[in-house]
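Q: using only what follows, build the 3D model:
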Amino acid sequence: MAIIETCGLTKYYGKTRGIENLTMEVESGEIFGYLGPNGAGKTTTIRTLLGFLKPTGGEARVLGTDIEEDIVEIKRQVGYVPGDLSLYGGLTGQEFLDFFSSLKGSDEDLLDVLLERFQVPLDREIQGYSRGMKQKVAIIQAFMNDPELVIMDEPTAGLDPLMQETVYEFLREQKERGRTVFFSSHILSEVDKICDRVGIVREGKLVALEDIQSLKDKRGKRVRVKIEGDPRSFEGPKDTSTEDEWIEFVVEDDINPWIRELAKFNVLDLEVENFSLEDIFMRYYEEGG
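A: You can find the predicted model right below:
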């Protein structure tokens, strides 16, 4: 079942584009990575899905409910970690969590797990917290009422590397429990590490939507090979280069014809590497997908 569905979803700020003709589905029980640099339209998408912004056009459903029909019910059922944290600084951590519990309820067993995993000084006022402490409180409140869907906008911002790994491990556990996570980020490595599928957004438009490994396979392989004799004697695909006796080229479709061509030579060394998510991302942005 699709937890998030959009069809032609569009948001303009006057004449300025936020997102345009966004059509995608997020499936139940997956960690969906929403990838793009700052300004690409990630936060606009999230704010529109959660009713903070009114769409200019198109449709969207979250947990089966149209966002323009009952956004209050959607917000009640969805956990949310905003990208621009603005917490109630005058409250202690405990008062903050109690307040959100009064609004949405809380699963006490899950809350205990969260507090043990993301330890914060609950007796101190939030205005005295570091950025990382505030981020951990935001993560706790997003999950504490055991929502079916959690939307996270740059959730590891301000966290040290060890705590980032703690977040990744926790999200994997939540996926195993059947929870769905919509994970917006501009950090390629973390999306590659924990997400099942990824949507790449470029200038407000979705330019890729696929599971990560298929996306890597589809976009090609990088080949480095060293042959006996003059490397220029090998006629590779377009943009083949030679440097320090190595031949380098990229294959975006079937690699086997080029392997057969290489078999005509005495191959001294061969390296074949699938594109990383970073390679794919840069190709979409430098070449337009």
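Q: all helices for the stretch 101-250 of the chain, in order.
A: Along the stretch 101-250 of the chain, the stretches classed as helices by DSSP state H, counting those that start in this stretch are 108-117, 131-143, 161-176, 188-194, 212-219.
Q: please identify the most buried of these.
A: Across these, averaging neighbours per residue (mean count of other C-beta atoms under 10 Å) puts helix 131-143 on top, at a mean of 21. (C-beta placed from N, C-alpha, C; glycine too.)
Q: and the angle from that helix to helix 161-176?
A: Here helix 131-143 runs at an angle of 10 degrees relative to helix 161-176 (axes from the mean of the first three to the mean of the last three C-alpha atoms, to 10 degrees).
Q: gap between helix 131-143 and the chain center?
A: Distance of helix 131-143 from its chain centroid, counting by C-alpha atoms, centre = their mean, to the nearest Å, is 18 Å.
Q: again with stretch 84-94
A: On C-alpha atoms, centre = their mean, the centre of stretch 84-94 falls 26 Å from that of its chain.
Q: straight-line length of it, end to end?
A: Terminal residues of stretch 84-94 are spaced 21 Å apart (C-alpha to C-alpha, to the nearest Å).
Q: in it, what counts as buried?
A: 85, 87, 92-93 (16 or more other C-beta atoms under 10 Å).
Q: re the thing from before, could you dump the helices of the stretch 101-250 of the chain to CSV with mean pLDDT and distance to residue 52?
A: Shown next, in CSV, are these (pLDDT from 0 to 100; distance: least, C-beta to C-beta, whole Å):
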stretch, mean pLDDT, distance to residue 52
helix 108-117, 91, 25
helix 131-143, 93, 15
helix 161-176, 93, 23
helix 188-194, 85, 23
helix 212-219, 75, 29
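Q: and those helices: which comes nearest residue 50?
A: helix 131-143 (12.0 Å; C-beta to C-beta).
Q: tilt between that closest one and helix 108-117?
A: 170 degrees.
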